[in-house]
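S.K.: sharing a model prediction with you, sequence too.
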Amino acid sequence: MRVTLFHNEDAGEGTSAHDLKETIERHGHTVVDVVGTSDDATRILETASDVVAASGGDGTVSSAARVLAGKPTPLAILPNGTANNIARSLAIKGTTDEIVAAWATAARRPFDLGRASGPWGERWFIECVGGGLIARSIEAFEQQPADVDRPRHEELIDAVRMHSEVLSKLKPSTWKMTLDGVEVSGDFLLVAVLNIPFIGPNLELCPHADPTDGEFSVVMAGEAHRDAIARHLQHREAERDIGLGVACWRARRVEIECGDLLHIDDMVFDWPPEARVSIQIEPAALHVLV
């Protein structure tokens with residue numbers, strides 16, 4: 001196959017483009033272009049290729065997915081980041097060499113994307129749109145000084161601890177939501193419109209979230225769920241994979257109104273009070289090699 005490599009050398013433990021190119025070509029493929037994440041991501045379409053391989057973390061994969069949305073070229077994921085939630089949700093695991101070797105027999109799997117429209121405009125997303133705990137934790141974590149030498153395992157644990165700290169001080173916010181025309185309002189600590197099961201530091205908010213079923217899984221957790229969220233974070237800190245245990249709603253279209261912070265994947269938006277965000281699923285907008 002002709003491969004365009006979209007590469008974040010700073011992700012995770014750091015892997016050089018040279019080493020990745022060597023691995024890919026050792027398995028019989030040809031790397032026709034290498035695009036760094038510091039470049040305009042749309043460059044991955046400039047050279048004709050059979051597949052775009054995104055090497056890095058979830059941010060790198062999401063950037064490539066947004067460019068490839070609605071295009072015929074499939075995405076191959078090389079999970080070399082910290083959390084690797086997208087790869088984990090697709091059961092893509094192993095060494096880079098093992099994953100590239102599997103491309104020879106891999107299938108093109110349709111993958112849904114979400115599209116969120118609000119005061120900032122319109123944005124594709126691959127993981128989640130939500131507010132409350134996750135958005136506040138992303139904001140708090142981004143304010144911490146960066147430690148580029150910290151092992152990614154420890155960085156994940158630090159992020160879980162940050163979520164626990166934020167939760168201990170978090171008060172519920174009032175959310176007005178419509179799920180496929182059904183109004184659901186309440187005071188929630190956490191709202192998540194999920195396309196995949198895992199977000200943040202490998203938090204499994206809904207094990208049934210499936211990026212191939214044409215629907216979102218929506219989690220709304222209020223004060224009554226505070227202890228369940230805290231337990232989930234404790235288990236995650238101990239590296240035990242135990243789900244949140246909060247009911248999930250299913251929807252293809254979601255409308256959200258709230259004055260709190262909102263996150264789209266790993267980006268946080270501060271939006272005007274009573275502003276409305278429309279979120280809809282785009283079935284099979286992307287194809288992934290699995």
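M.R.: Done, it's in.
S.K.: please count neighbours and contacts with C-alpha atoms only from this point.
M.R.: Will do.
S.K.: residue ranges in this structure under the pLDDT threshold?
M.R.: Residue ranges of the chain with pLDDT under 70: 11-14, 146-151, 259.
S.K.: again, only using 90
M.R.: 9-16, 37-39, 82, 119-121, 141-156, 238-245, 258-261, 269-275 (pLDDT under 90).
S.K.: let me see the domain layout of it.
M.R.: Taking automatic domain parsing as the reference, the chain has its domains at 2-106, 114-284.
S.K.: out of those, which gets nearest to residue 290?
M.R.: With C-alpha to C-alpha as the criterion, residue 290 lies closest to domain 2-106 of those, at 5.2 Å.
S.K.: quick revisit: would JSON lines of the domains of the chain with mean neighbour count and distance to residue 290 be doable?
M.R.: As requested, the domains of the chain are arranged in JSON lines below (neighbours: other C-alpha atoms under 10 Å; distance: least, C-alpha to C-alpha, whole Å):
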{"stretch": "domain 2-106", "mean neighbour count": "19", "distance to residue 290": "5"}
{"stretch": "domain 114-284", "mean neighbour count": "18", "distance to residue 290": "12"}
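S.K.: ok, the nearest residue to residue 90 once chain neighbours are set aside - contacts?
M.R.: Closest residue to residue 90 apart from its sequence neighbours, by C-alpha to C-alpha, 6 or more residues apart in numbering: residue 290 at 7.4 Å. Each residue near residue 290 by C-alpha atoms under 8 Å, 6 or more residues apart in numbering is listed here: 76, 90, 92, 103, 106-109.
S.K.: just those: which are in strands?
M.R.: Among the contacts of residue 290, the ones falling in strands (DSSP state E) are 76, 108-109.
S.K.: got CSV for those, with distance to residue 271 too?
M.R.: Compiled in CSV, the ones in strands among the contacts of residue 290 are given as follows (distance: C-alpha to C-alpha, whole Å):
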residue, distance to residue 271
76, 34
108, 37
109, 35
